[in-house]
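Q: Structure for the following, please:
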Amino acid sequence: MNAVITEPLQHTHARQPAPDAPQQVDLLALFRESGIAGVLDELDHDLVGLVPVKTRIREIAAQLLVGRAREALGIESGAPTLHMCFSGNPGTGKTTVAMRMADVLFRLGYIRRNHLVSVTRDDLVGQYIGHTAPKTREVLKRAMGGVLFIDEAYYLYRPENERDYGQESIEILLQTMENQRDDLVVILAGYASKMDTFFRSNPGFRSRIAHHLSFPDYAADELLFIAERMLETMHYRFDADARRAFEDYLARRLRQPNFANARSVRNALDRARLRQANRLFADALGGGASADPAALTLLSAADIRASSVFSESGGAATQAGAATEFPTS
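A: Below you'll find the model as predicted:
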């Protein structure tokens with residue numbers, strides 16, 4: 001277990017404001033001037049569902065805004081701890097929320113740069129003695145003044161391998177999170193159960209995390225909405241039959257392993273687009289009519305139902321000419 005060094009708490013008192021200092025703060029004006037309303041609106045628009053996450057982000061934003069108001073009136077609070085943990089399954093929007101959180105922190109002046117560095121274990125841990133410390137410090141140098149997002153953070157700790165160098169990276173991260181918390185925000189992310197195990201094994205991390213956000217899986221209707229929004233951005237569409245086929249696809253896919261929420265939806269649509277292209281080209285080779293915009297933008301029910309998800313064995317697709325798929329799609 002990591003040794004946790006604690007320091008005595010310093011009591012902070014409200015200093016007396018200067019005679020010409022403002023005696024009150026208009027929070028709504030401060031909110032408008034910061035521009036964070038636009039960031040929060042973008043979060044609502046970009047991410048389907050996730051109501052508990054969005055609510056918590058707004059609560060954090062409100063706390064930070066009030067902190068700035070207190071400063072304006074000369075009320076000292078000390079530097080807040082802003083390190084966070086995002087736990088949830090893949091494809092639930094953790095990286096997107098981290099980017100929006102960086103924007104909020106920047107607009108309110110809690111970080112110097114609207115900058116997020118996203119890394120995994122491979123970016124932090126070396127393969128031999130003396131390699132890990134410079135790798136970790138280089139990442140911290142790049143992230144300083146902004147946000148460091150560590151995906152699947154629990155892979156830093158591998159107690160089953162006594163020759164692993166992850167612990168060295170952990171110690172450097174803990175020291176930086178404590179000593180430079182006014183110039184760097186660290187967000188740890190990963191599966192909820194694995195993050196819990198990681199925190200039990202490394203209590204130094206838990207004590208430095210101020211905000212824990214849990215990202216729920218998407219429901220089937222939310223995934224369908226996400227799919228249609230993705231298609232819209234790519235200038236594709238479902239007709240009624242294709243929409244019903246994709247609903248059926250989701251119902252089946254959700255019962256299978258390795259489902260990654262919005263990420264799996266995107267993969268499924270990419271494969272449907274591949275089948276559509278092959279279908280159109282085969283039609284052209286067979287002397288079919290020239291493809292018009294309606295044909296080029298439509299994903300048909302056949303393009304969806306050719307997925308291996310619809311086969312009882314989960315193996316080859318049920319329709320001739322369809323490519324074999326991996327279980328993640």
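Q: Let me know the secondary structure of Pro82.
A: If you look again at residue 82, you'll see it is Leu, not Pro. coil (DSSP: H, G, I helix; E, B strand; the rest coil).
Q: Now it. Nearest residue, chain neighbours left out?
A: In this structure, Leu82 finds its nearest non-sequential neighbour in Val185, 4.7 Å apart by C-beta to C-beta, 6 or more residues apart in numbering. Every C-beta, even on glycine, is put in place using the N, C-alpha and C of the backbone.
Q: And Leu254, by the same measure?
A: Spatially, and ignoring its direct neighbours in sequence, Leu254 is nearest to Ala220 (6.4 Å; C-beta to C-beta, 6+ apart).
Q: Which parts of the stretch 51-200 of the chain are helices?
A: Remark: helices assigned in the stretch 51-200 of the chain by DSSP state H, counting those that start in this stretch are 51-72, 94-107, 121-124, 132-143, 166-179, 192-201.
Q: Compare these and give me the one nearest Arg263.
A: helix 94-107 (10.5 Å; C-beta to C-beta).
Q: Check which residues of the closest one are buried.
A: Judged by neighbour count (16 or more other C-beta atoms under 10 Å), helix 94-107 contains these buried residues: 94-95, 97-107.
Q: cool, and stretch 178-189?
A: Neighbour counts using 16+ other C-beta under 10 Å place Glu178, Arg181, Asp183, Leu184, Val185, Val186, Ile187, Leu188, Ala189 of stretch 178-189 among the buried residues.
Q: How far does that stretch sit from its chain's centre?
A: Stretch 178-189 sits 17 Å away from the centroid of its parent chain (C-alpha atoms, centre = their mean, to the nearest Å).
Q: Extract the C-alpha set from stretch 57-77 and format it as PDB.
A: The C-alpha trace of stretch 57-77 is given here as PDB (Å, rounded to 0.1, in the frame of the first residue of the first chain):
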ATOM      1  CA  ILE A  57     -21.200  18.700 -13.900                       C
ATOM      2  CA  ARG A  58     -23.600  21.600 -13.400                       C
ATOM      3  CA  GLU A  59     -23.200  21.200  -9.600                       C
ATOM      4  CA  ILE A  60     -19.500  21.400  -9.900                       C
ATOM      5  CA  ALA A  61     -19.700  24.400 -12.200                       C
ATOM      6  CA  ALA A  62     -21.900  26.100  -9.700                       C
ATOM      7  CA  GLN A  63     -19.500  25.500  -6.900                       C
ATOM      8  CA  LEU A  64     -16.600  26.800  -9.000                       C
ATOM      9  CA  LEU A  65     -18.600  29.900  -9.900                       C
ATOM     10  CA  VAL A  66     -19.400  30.600  -6.300                       C
ATOM     11  CA  GLY A  67     -15.700  30.200  -5.500                       C
ATOM     12  CA  ARG A  68     -14.900  32.900  -8.000                       C
ATOM     13  CA  ALA A  69     -17.600  35.100  -6.400                       C
ATOM     14  CA  ARG A  70     -16.100  34.600  -2.900                       C
ATOM     15  CA  GLU A  71     -12.700  35.600  -4.200                       C
ATOM     16  CA  ALA A  72     -14.100  38.800  -5.700                       C
ATOM     17  CA  LEU A  73     -15.400  39.700  -2.200                       C
ATOM     18  CA  GLY A  74     -12.100  38.800  -0.600                       C
ATOM     19  CA  ILE A  75     -13.300  35.600   1.100                       C
ATOM     20  CA  GLU A  76     -10.400  33.100   1.100                       C
ATOM     21  CA  SER A  77     -11.200  29.400   0.700                       C
END
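Q: Now do the contacts for the closest residue to Ile170 other than its chain neighbours.
A: Distances taken as C-beta to C-beta, 6+ apart place Leu156 nearest to Ile170, at 5.5 Å, with adjacent residues excluded. Counting by C-beta atoms under 8 Å, 6 or more residues apart in numbering, Leu156 makes contact with Arg121, Leu124, Val125, Ile150, Gly166, Ser169, Ile170, Leu173, Phe198.
Q: any idea which of those is least confident?
A: In terms of pLDDT, the lowest of these is Gly166, showing 90.
Q: distance of the residue lying closest to Phe198 once chain neighbours are set aside from Gly166?
A: In space, and not counting its chain neighbours, Phe198 is closest to Tyr154: 3.8 Å by C-beta to C-beta, 6+ apart. To Gly166, Tyr154 is 10 Å away according to C-beta to C-beta, to the nearest Å.
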